[in-house]
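# Whatever this is, show me its structure:
(chains A, B, C and D)
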There are 2 protein chains.
Amino acid sequence: MEQKYKDIRSTLLRRITDGHWPQGSIIPNEADLAEEFACTRATISRALRGLSERGLIERKKKAGTRVVQRGGRDATVTIDITRDAVERSGAHYSYTLLTRAKLKPPPAIRAALELLNQKTSLNLVALHLSDGRPHQLEERWINLETVPEAAKVDFNEVGANEWLVNKIPFTEARHVLRAERPGEAALNWLDLKPDEWVFVIERTTWLSDASVTHVRLSHPADSFQLATRT
Amino acid sequence: MEQKYKDIRSTLLRRITDGHWPQGSIIPNEADLAEEFACTRATISRALRGLSERGLIERKKKAGTRVVQRGGRDATVTIDITRDAVERSGAHYSYTLLTRAKLKPPPAIRAALELLNQKTSLNLVALHLSDGRPHQLEERWINLETVPEAAKVDFNEVGANEWLVNKIPFTEARHVLRAERPGEAALNWLDLKPDEWVFVIERTTWLSDASVTHVRLSHPADSFQLATRT
DNA sequence: CACCATAATATGTTTATACATAATAAAAAT
DNA sequence: ATTTTTATTATGTATAAACATATTATGGTG
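Here you go, the predicted structure:
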């Protein structure tokens, strides 16, 4: 007879999902629930905290706990390291660094990285292959103010993402997903079918208030998709 | 001086992200951490639970707590109710039900909904417009075994998604995101530019082990993107 | 040496209690 | 009547203590 809080949590969850406690309504307070379930307030609190973390209820001091009105649904996709994604599919992974240079980033990148001055950043373009076929084009900018040690790394052997993941902490990551008409680099390297578009993942990562890196990952749209974990 | 567990949690998080506790290593046990931070084991446990729920550490009884090896990063995108998404952008929302019929679903849909028999499902095709321009084509199948009351609803006024969200609970949702060459319905209704692809969100929802609905939401790829919450 | 029972240990759960904090409601002052 | 102050209340955090449970380590047996 362990895990009482889980039982309580799923009982309360059922009352929410089956409409017994409609969206927007206030549910009984912790003390009353504790009495109903014959446990202490701490146990009720823990059950409610779980529901709160999942975004099903909102709790405010003195005001009580209410079922949230939620239209939207959250979908969490895991964006794997490219090597892992390719190898998990059973294919052979390979990697080529196409260009590596210190450049003044174009305005769009400067904005994304919130670079104020005219300093240079490290620009990398690399191609990730799956069984020898182009799988992903990586166009990356690394903020050398935040990550000066990247200037010394030769990214011919180790991919920039793998290196960053292992060496540089980050506190926040922002992603944008979209499909685009292929740009020049994608046309050159991704071996696209006629008129094929690319599926683009853009990511910017931050360490506190300092930007770390901005990357654009382009994939042939015909052979790429993202799925939530089941 | 409240929220000690949050301070501890972020201190521990820093030790993980800055490599003080490398990926795969075992971190000190709760009792030792309690001593270091001058608090009780319960407070340490709560801090660790937070990190565990975020997937940064893995805890096993007797074996201790270890930093997980994680290459990938999770990106959570909120897929709003279409009406809300359009209205939030400041545009006027409108909706047209194109077709509504009870049909035997094609094999791909039968598989997605895990329908074993040859029963019919409710098929809806609808168009969502933003300031009068096509924004999203919705192609939906509703499992009438799970949601028989949907058969009585006239979806001319209320969108199927809004109706389902408010009436039918669900326990699980699976999403797939990809870009596609437009199909016949998308070509007919979405007013695409020449050669333009569509950005597709597919969603299947479940109530326990029973499938509820499967929907395909197609958008003109040139004017659509998904972003993680900032 | 291999195998099985037993002890030790780190995390997991629950109770009981106390005080902190935020939001509201009620009372007092202007 | 309106504003300000004060009290009330529901949630939030923390301590201390006990027992449960899963996993590993150990020690004895064949």
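
# Output the below-cut-off pLDDT ranges for chain A.
Counting by pLDDT under 70, chain A has low-confidence residues at A:1-2, A:71, A:169, A:230.

# ok, which stretches of it are helices?
Along chain A, counting by DSSP state H, helices occupy A:4-17, A:30-37, A:41-53, A:82-88, A:107-112, A:160-167, A:184-189.

# so what does the first one touch, helix or strand wise?
This points to helix A:4-17. Applying 3 or more C-beta pairs under 8 Å, 6 or more residues apart in numbering or on different chains; DSSP states H and E, we find helix A:4-17 packed against helix A:30-37, helix A:41-53. Every C-beta, even on glycine, is put in place using the N, C-alpha and C of the backbone.

# how about the residue nearest to A:Ser208 when sequence neighbours are not counted, what does it touch?
Spatial nearest neighbour of A:Ser208, chain neighbours left out: A:Thr171 (5.8 Å); criterion: C-beta to C-beta, 6 or more residues apart in numbering or on different chains. Contacts for A:Thr171 (C-beta atoms under 8 Å, 6 or more residues apart in numbering or on different chains) come out as A:206-208, B:17.

# Now which of the residues you listed would you call buried?
A:206-207, B:17 (16 or more other C-beta atoms under 10 Å in any protein chain shown).

# Pull the number of nearby residues for the one residue in chain A that gets nearest to DNA strand C.
For chain A and DNA strand C, the shortest gap (C-beta to the nearest atom of the strand) falls at A:Lys4, measuring 2.7 Å. Neighbour count of A:Lys4, defined by other C-beta atoms under 10 Å in any protein chain shown: 15.

# so how far is DNA strand D from it?
From A:Lys4 over to DNA strand D the distance is 11 Å, taken as C-beta to the nearest atom of the strand, to the nearest Å.

# Indicate which one of the helices of chain A is closest to B:Asp84.
Minimum separation from B:Asp84 across the helices of chain A (C-beta to C-beta) falls at helix A:4-17, 20.4 Å.

# for DNA strand C, what are the nearby residues on chain A?
For chain A, the contact set with DNA strand C under C-beta under 7 Å from any atom of the strand comprises A:2-6, A:38-43, A:46, A:60-63.

# List buried residues within those.
A:5, A:39, A:43, A:46.

# between these, which is nearest DNA strand D?
Minimum distance to DNA strand D across these is 8.6 Å, recorded for A:Arg46 (C-beta to the nearest atom of the strand).

# List the contacts of that closest one.
If you count contacts by C-beta under 8 Å, 6+ apart, A:Arg46 has them with A:Tyr5.

# same deal with A:Asp195?
B:Asp195.

# follow-up on the earlier one: go through the buried ones among the contacts of A:Thr171 and name the one nearest B:Pro148.
A:Trp206 (49.2 Å).

# Please name the residues that touch that closest one.
A:Trp206 touches A:170-174, A:212, counting by C-beta under 8 Å, 6+ apart.

# Look up which residues are beta-bridged to it.
A:Glu172, A:Ser211 (DSSP bridges).

# Against B:Leu97, how distant is it?
Here the criterion is C-beta to C-beta, to the nearest Å. By it, A:Trp206 lies 44 Å from B:Leu97.

# what do you get for A:Ser89?
As judged by C-beta to C-beta, A:Ser89 and B:Leu97 stand 40 Å apart.

# Neighbour count for these two, which is higher?
B:Leu97 (17 against 11).

# was I right about that one contacting B:Leu124?
Yes: between B:Leu97 and B:Leu124 there is a contact at 6.8 Å, judged by C-beta atoms under 8 Å.

# Check the contact lists of the two and give me the overlap.
When contacts are counted by C-beta under 8 Å, 6+ apart, B:Leu97 and B:Leu124 are jointly contacted by B:Phe155.

# what's the distance between stretch A:180-196 and the middle of its chain?
Centroid separation between stretch A:180-196 and its chain, computed with C-alpha atoms, centre = their mean, to the nearest Å, is 25 Å.

# circling back to that earlier point, quick one: closest of the helices of chain A to B:Ser218.
B:Ser218 lies closest to helix A:184-189 among the helices of chain A, at 22.5 Å (C-beta to C-beta).

# what helices or strands is that closest one leaning on?
Using 3+ C-beta pairs under 8 Å, 6+ apart, helix A:184-189 is in contact with strand A:133-142.

# Give the buried residues for the strand it packs on.
Across strand A:133-142, burial judged by 16+ other C-beta under 10 Å covers A:134-142.

# So which residues make contact with it?
Outside strand A:133-142, the residues touching it (C-beta under 8 Å, 6+ apart) are A:82, A:86, A:105, A:109, A:113, A:121-129, A:150, A:159-161, A:164, A:185-186, A:189-191, A:198, A:212-220.

# switch to 7 Å and redo it
Applying C-beta atoms under 7 Å, 6 or more residues apart in numbering or on different chains, the external contacts of strand A:133-142 come out as A:82, A:86, A:105, A:109, A:113, A:121-129, A:150, A:160, A:185-186, A:189-191, A:213-219.

# One more: stretch A:77-84?
Residues from elsewhere that reach stretch A:77-84 (C-beta under 7 Å, 6+ apart): A:93, A:128, A:136, A:159, A:161-162, A:165, A:201, A:226-229, B:71-75, B:177.

# Which residues of chain A lie near DNA strand D?
Residues of chain A that fall close to DNA strand D, judged by C-beta under 7 Å from any atom of the strand: A:1-2, A:29-31, A:41-42, A:45, A:48-49, A:52, A:59-65.

# can we see that at 10 Å?
Proximity of chain A to DNA strand D (C-beta under 10 Å from any atom of the strand) is limited to residues A:1-3, A:26-34, A:40-42, A:44-46, A:48-49, A:52, A:57-66.

# is it true that A:Asn29 touches A:Ala63?
No: taking C-beta atoms under 7 Å as the definition, A:Asn29 is not a contact partner of A:Ala63, at 10.3 Å.

# one step back: what about the residue nearest to A:Ser208, distance to A:Trp197?
Distance from A:Thr171 to A:Trp197, by C-beta to C-beta: 33 Å.

# Could you do A:Ile8 as well?
In terms of C-beta to C-beta, A:Ile8 sits 49 Å off from A:Trp197.

# List the residues that contact A:His175.
A:201-203, B:75, B:227-228.

# returning to that earlier point: quick one: which of the buried ones among the residues of chain A next to DNA strand C is nearest to B:Thr146?
Comparing these against B:Thr146 with C-beta to C-beta picks out A:Tyr5 as the nearest, at 29.3 Å.

# So the closest one is in contact with A:Ser45, correct?
No: using C-beta under 7 Å, A:Tyr5 is not in contact with A:Ser45; the gap is 9.0 Å.

# Give me the contact list for stretch A:109-123.
Stretch A:109-123 is contacted by residues A:101-105, A:141-145, A:150-151, A:204, A:211, A:214 when judged by C-beta under 7 Å, 6+ apart.

# again, only this time at 6 Å
If you take C-beta atoms under 6 Å, 6 or more residues apart in numbering or on different chains as the criterion, stretch A:109-123 is touched by A:101-105, A:141-144, A:150, A:204, A:211, A:214.

# Can I get that stretch as CSV, trimmed to CA atoms?
Extracted C-alpha coordinates of stretch A:109-123, given in CSV (Å, rounded to 0.1, in the frame of the first residue of the first chain):
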residue,chain,number,x,y,z
ILE,A,109,22.1,36.2,-37.2
ARG,A,110,23.3,39.3,-35.2
ALA,A,111,19.8,39.8,-34.1
ALA,A,112,19.3,36.1,-33.2
LEU,A,113,22.4,36.1,-31.1
GLU,A,114,21.8,39.6,-29.8
LEU,A,115,25.2,40.7,-30.8
LEU,A,116,25.5,44.5,-30.4
ASN,A,117,28.9,45.2,-31.8
GLN,A,118,30.6,44.4,-35.0
LYS,A,119,32.8,41.6,-33.6
THR,A,120,33.3,38.4,-35.6
SER,A,121,31.7,35.1,-34.8
LEU,A,122,32.7,31.6,-35.7
ASN,A,123,30.8,30.3,-38.7
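
# Thanks a lot, see you next time.
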